[in-house]
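*Asks:* structure here, sequence nowhere to be found:
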């Protein structure tokens, strides 16, 4: 492959499918957190047991392929990937090798650049390992098979990402699709990734980083690895093709193995699983269940509501926010709605470290609040404060402003009186203004806001204040 | 075996187990006798009440030690019954014990038993092998004087071979006819649970019970058991039966039976060149490829043999447990199977063999357009003595399966039935029918049985 | 094909078996003999032939996504003495 960019990144992302039961047995995927309480002879790898594929997992993976434009295989087959490790109940993992469920597909980045997918396949999760004294110092490992056998999809990209930030954007967009399809539980499910990085300076010598957990970690690991490689190269050292592991505690990568010791997985077809044909009927059924996705929504918002690309992208990224926006936009000017949801709602959510899934109030409160803004009944400052309060406990903004007398002062006579009073009280500021100090105008405006607890309508107040100041000059 | 449909009394069970103990002392048929479990077992009233069943040790019986004849699984007590065992219990059968086999089914003479296990002896001559790998099952089937059948298992001939050597009937149904849930795998795409009995009539009631689709085994068949059969059989005698290397006395016994069969049925010769030429290689490549992955789970973690301390790296730990616990033949098959699927060799061995398998299946399917049943000797020779077995190389061992691997690769129902003796040792005939034609197979066995 | 000590050792490492010198010798001999027999497959042309991964296919056997009871923690751990606080104890992940 010919590379041209300074940095070349490819990702292999594992996302857990949100099914009730494991991929090949009927143990629960969630629930009891005590170790080894959600296991049976099948997921413990006892001899004589047989895997049987979970239909829901297949449906979910099919949907994902359809949503990402990945070409579905006609016949589903699984393979045994053979390697020994303490988290492997059978010392082989049942995965798809010869023929993945999906081949190809794309995800479009914020910048409009399309990242090609190599393949999408289904596989089982290994067990969870714990260490009493850290990985290096423990003289044994503790194994919990609760997670063993949970269904995963692995999404493999072509090496087309050019920076850690792009990798993050890619993941955001992938998570958006998983969320829209309702096949991934973002509050519980884990995103794990293996990444490969090559730099132009090293003649694109490929380094793989394994086992990065959580999508914020992925950007960190990539950034670290790029810096490490650049430092090495600056020191005149060579970058060799190798596999490294990400240590989330020390925030560094360390070498696991070099090319010479590459694993040999000795794949064979899993003989215990029957062949599965993806029928046109099933594909048709799954297609019908795919909702309008973020990218289509964004395009529609730009077209129908004349939103900016940025606003449209943000409004459509998450299903919950998009649904809220669409409801609000039926009653409120969509541009105003988008501006408010994007700036204020997301600000308040970030501040409270909450996700859109955790919003207590519904569209009714937001519509009320924004119609008060739209009709100039309350000032933006007041509206911002109300948004913050809504996050704590839902209430009716309309009743609230009545009760607390928070309506905006829009009566011109009233504003004029306020302006006159303020001019009289601050002669020095008036003098400075007349001497050309623009800052003094803001100072005077601030004084008026203080008097009215932010209720004076800003545009009118500025206009009238200027007019009154001009009178004084004469 | 006469079905009594009477729940056996404590005393009756005790007598049966006592007899088993006596046989075991001389012939080592059992790895475990269910002394307590047989008494404790809830006795349902059903079509198999009063029937005693011995079970090859690679089939899981709840709370009864199940080792597949291996040292590494010594002490393993499954928490569930294999589907076949569950069905047999529900019909009132009494499980009496687990029978000796080559560890994991790796063998044709039952001499590859795990460390600490005894090699079963042929009921006709204790200096000779019972055949394998279901040797214990064959021996007790020959010896039992009580109503008994044995639940055995075949991967490449492990039912037919010992049945032939011990002079009993051993039937292997179509692949998937009987659920494999609870069968410790040798090679999943080849393993089939089957039945050993003294008389043909004893097979049908058992087959009816254990057949059927099982949601826990995705390869079990949905097609119902078909026991219909044509009155007049179109018999194909496999030409290679008369090849060099097949004991002439066995050929003679076969010819004599054919002469009798000819009076009622049509018999012509058929050649299966692909199966004969490529069968053994194809079988051993596929079987060991699968086996070597199946045995990976046995590594001294979660269950089975462990080392007292785990304070070393996982590679060293797993290697030590496996090296100490597996016998030589297990190691050999793991080694071969690891090689045949290794990068660089996989296409030439494993993948190639899966395609040759298709050709072999096609060859049989074509034959069954003109034949109802194909016939050959079961084994090229009578049960060898242990001293002769010791002189055989692994390859000579493998080649002894030449007549049985074909029907096993193709998943065809087949059975061995005694047709005579040489030096007092039984000779077995192998009958093979098309997929799902268990009825025709049983009919063939009945016809042959009636001639003796 | 060359069946040497290196190949036998490589296979043993992948299979997680440790061989004595004597065993390496034996396996070298066995492998030569057995692979020689396997090489007969070189003679058959399988171009255009599909693989059979089972002798006959039962298609589309799937399971409904319905939870069934798991084993209890006690049952799960009952197969080994080597467990602690509900966890299995396994060997170190670093050699």
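*Replies:* Arrived safely, thanks for sending. This one's a predicted model, so the numbers in the text were calculated from it and none came from an experiment.
*Asks:* in chain B, spot the helix with the most residues.
*Replies:* helix B:273-294 (DSSP state H).
*Asks:* which parts of it are buried?
*Replies:* Neighbour-count burial for helix B:273-294 flags B:274-294 (criterion: 16 or more other C-beta atoms under 10 Å in any protein chain shown). Placement of C-beta: from N, CA and C, glycine included.
*Asks:* which of these are close to chain C?
*Replies:* B:274, B:277-278, B:280-282, B:284-285, B:292 (C-beta under 8 Å from any C-beta of the partner chain).
*Asks:* where does the chain have low pLDDT?
*Replies:* Just so you know, I chose chain A. Regions of chain A meeting the criterion pLDDT under 70 cover residues A:1, A:258-262, A:474.
*Asks:* ah, no, chain B please
*Replies:* Those would be B:1-5, if you go by pLDDT under 70 across chain B.
*Asks:* for the ones next to chain C among the buried residues of helix B:273-294, which one is nearest residue B:123?
*Replies:* residue B:280 (28.3 Å; C-beta to C-beta).
*Asks:* doesn't residue B:402 make contact with the closest one?
*Replies:* Yes - between residue B:280 and residue B:402 there is a contact at 5.7 Å, judged by C-beta atoms under 8 Å.
*Asks:* in chain A, where's the longest helix?
*Replies:* helix A:215-234.
*Asks:* buried sites along whichever strand or helix holds residue A:336?
*Replies:* Secondary-structure assignment from DSSP states H and E places residue A:336 in helix A:334-340. Neighbour counts over helix A:334-340 (16+ other C-beta under 10 Å) mark A:334, A:337-340 as buried.
*Asks:* tell me which residues touch residue 50, please.
*Replies:* You didn't say which chain, so I picked chain A. With contact taken as C-beta atoms under 8 Å, 6 or more residues apart in numbering or on different chains, residue A:50 is in contact with A:42, A:272, B:180-181, B:216-219.
*Asks:* you answered for a different chain; I wanted chain C.
*Replies:* By C-beta under 8 Å, 6+ apart, the contact set of residue C:50 is B:355, B:358.
*Asks:* that one in helix, strand or coil?
*Replies:* coil (DSSP: H, G, I helix; E, B strand; the rest coil).
*Asks:* follow-up on the earlier one: tell me the one of the ones next to chain C among the buried residues of helix B:273-294 nearest chain A?
*Replies:* Using C-beta to the nearest C-beta, the shortest approach to chain A within these belongs to residue B:292, at 7.9 Å.
*Asks:* which non-adjacent residue is nearest the closest one?
*Replies:* residue B:337 (3.0 Å; C-beta to C-beta, 6 or more residues apart in numbering or on different chains).
*Asks:* show me what the helix or strand containing that neighbour is packed against.
*Replies:* Per DSSP H and E, residue B:337 falls inside helix B:328-340. Other elements packing on helix B:328-340 under the criterion 3 or more C-beta pairs under 8 Å, 6 or more residues apart in numbering or on different chains; DSSP states H and E are helix B:273-294, helix C:5-15, helix C:21-38.
*Asks:* any buried residues in it, and which?
*Replies:* The neighbour-count check on helix B:328-340 (16+ other C-beta under 10 Å) flags B:329-340 as buried.
*Asks:* for the buried residues of helix A:334-340, which one is nearest residue A:314?
*Replies:* Closest to residue A:314, out of all of those and judged by C-beta to C-beta, is residue A:338, at 7.8 Å.
*Asks:* hang on, the closest one packs against residue A:311?
*Replies:* Yes - under the criterion of C-beta under 8 Å, residue A:338 makes contact with residue A:311 at 4.2 Å.
*Asks:* okay, and the common contacts of those two?
*Replies:* residue A:301.
*Asks:* quick one: the strands in the stretch 351-452 of chain B?
*Replies:* Counting by DSSP state E, counting those that start in this stretch, the stretch 351-452 of chain B has these strands, from start to end: B:373-377, B:414-422, B:425-433.
*Asks:* sheet partners, orientation included, of the last one?
*Replies:* Pointing back at strand B:425-433 there. strand B:373-377 (antiparallel), strand B:414-422 (antiparallel) (DSSP bridges).
*Asks:* just send those back as CSV, with mean neighbour count too.
*Replies:* Output for the strands paired with strand B:425-433, formatted as CSV (neighbours: other C-beta atoms under 10 Å in any protein chain shown):
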stretch, mean neighbour count
strand B:373-377, 26
strand B:414-422, 24
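*Asks:* residue B:356: neighbour count?
*Replies:* Residue B:356 has 28 neighbours, counted by other C-beta atoms under 10 Å in any protein chain shown.
*Asks:* er, residue A:184 actually
*Replies:* 22.
*Asks:* so who does it touch?
*Replies:* By C-beta under 8 Å, 6+ apart, the neighbours of residue A:184 are A:15-18, A:175, A:178.
*Asks:* again, only this time at 7 Å
*Replies:* Going by C-beta atoms under 7 Å, 6 or more residues apart in numbering or on different chains, residue A:184 touches A:15-18, A:178.
*Asks:* repeat for residue B:301
*Replies:* A:86, C:88, C:90.
*Asks:* do stretch C:17-36 and chain A meet at all?
*Replies:* No - for stretch C:17-36, no contact with chain A is found by C-beta under 7 Å from any C-beta of the partner chain; the gap never falls below 11.3 Å.
*Asks:* what residue is smack in the middle of the chain?
*Replies:* Let's take chain A. Centroid-nearest residue in chain A: residue A:172, 4.0 Å away (criterion: C-alpha atoms, centre = their mean).
*Asks:* try again with chain C
*Replies:* Geometric centre of chain C, nearest residue: residue C:15, 7.2 Å, by C-alpha atoms, centre = their mean.
*Asks:* ok, now how distant is that residue from chain A?
*Replies:* 9 Å (C-beta to the nearest C-beta, to the nearest Å).
*Asks:* quick check, that residue in contact with residue B:339.
*Replies:* No - counting by C-beta atoms under 7 Å, residue C:15 sits too far from residue B:339 to count as a contact (8.9 Å).
*Asks:* so who does residue A:331 touch?
*Replies:* Residue A:331 touches A:367, A:371, counting by C-beta under 7 Å, 6+ apart.
*Asks:* just the contacts of residue A:50 that are near chain C?
*Replies:* Residues shared between these and the neighbourhood of chain C are B:218-219 [C-beta under 7 Å from any C-beta].
*Asks:* what subset of the contacts of residue A:50 is buried?
*Replies:* Buried positions within these, assessed by neighbour count (16+ other C-beta under 10 Å), are A:42, A:272, B:180-181, B:216-219.
*Asks:* and which of these is nearest to chain C?
*Replies:* Using C-beta to the nearest C-beta, the buried ones among the contacts of residue A:50 come closest to chain C at residue B:218, 3.8 Å.
*Asks:* list the contacts of the closest residue in space to that closest one that isn't next to it in sequence.
*Replies:* The shortest distance from residue B:218 to any non-neighbouring residue, by C-beta to C-beta, 6+ apart, is to residue C:61 (3.8 Å). Residues in contact with residue C:61 (C-beta under 7 Å, 6+ apart) are A:52, A:274, B:218.
*Asks:* so the first one makes contact with residue A:23?
*Replies:* No - in this structure, residue A:52 sits apart from residue A:23 without contact. The criterion is C-beta under 7 Å, and the distance is 9.7 Å.
*Asks:* please say which of those two ends up with more neighbours.
*Replies:* residue A:23 (27 against 23).
*Asks:* who's in contact with the closest residue in space to that one that isn't next to it in sequence?
*Replies:* Spatial nearest neighbour of residue A:23, excluding adjacent residues (C-beta to C-beta, 6+ apart): residue A:151 at 3.9 Å. Contacts for residue A:151 (C-beta under 7 Å, 6+ apart) come out as A:16-17, A:19, A:22-23, A:54, A:57, A:122, A:124.
*Asks:* if you look at those, which of them are in strands?
*Replies:* Residues of these located in strands (DSSP state E): A:16, A:54, A:122, A:124.
*Asks:* among those residues, give me the pair with the biggest separation.
*Replies:* Farthest pair in the ones in strands among the contacts of residue A:151, by C-beta to C-beta: A:16 and A:54, 12.7 Å.
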